[in-house]
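In: sequence-free structure coming up:
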């Protein structure tokens, strides 16, 4: 009995289910039939897509400008490093030159002091009366 009741119930529901799906009216070639909700969602997506594309274009432009700025800073940094290395090398050369001049001056001073010492010791003391000078 139960099986008959289930079969009868299915036989009644089958036509209801089959005819409840109303097909779209005939559409012109190249078009499709969509619901109002789907059309609204598609229009909203199209507006969002245009806004998103514009936003992406602005962000890509900003990124290109930032990349150019970074490259400019890298170039400036490389130039500054080269200038500083050049200045350091010149300073080292100047330091070596001044150190050499200082050593030469000290050697000249020592030589002159030795000559003065020899000259002072090589003179005979002068006698003026009873007192010896030098």
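Out: Here it is on my side, so go on. Bear in mind the structure is a predicted one, so any value in this text is a computation, not a measurement.

In: what about the helices in the chain?
Out: 2-20, 36-122 (DSSP state H).

In: mind telling me which of those the model trusts least?
Out: Looking at those, the lowest mean pLDDT belongs to helix 2-20 (a mean of 68).

In: got a list of what residue 34 touches?
Out: For residue 34, the contact set (C-beta atoms under 8 Å, 6 or more residues apart in numbering) comprises residue 42. Placement of C-beta: from N, CA and C, glycine included.

In: need phi/psi at it.
Out: Main-chain dihedrals, residue 34, degrees, to the nearest 10: phi -130, psi 160.

In: tell me, how many residues neighbour residue 45?
Out: The tally of other residues near residue 45 (other C-beta atoms under 10 Å) stands at 11.

In: so how far is residue 39 from it?
Out: In this view, residue 45 and residue 39 are 11 Å apart by C-beta to C-beta, to the nearest Å.
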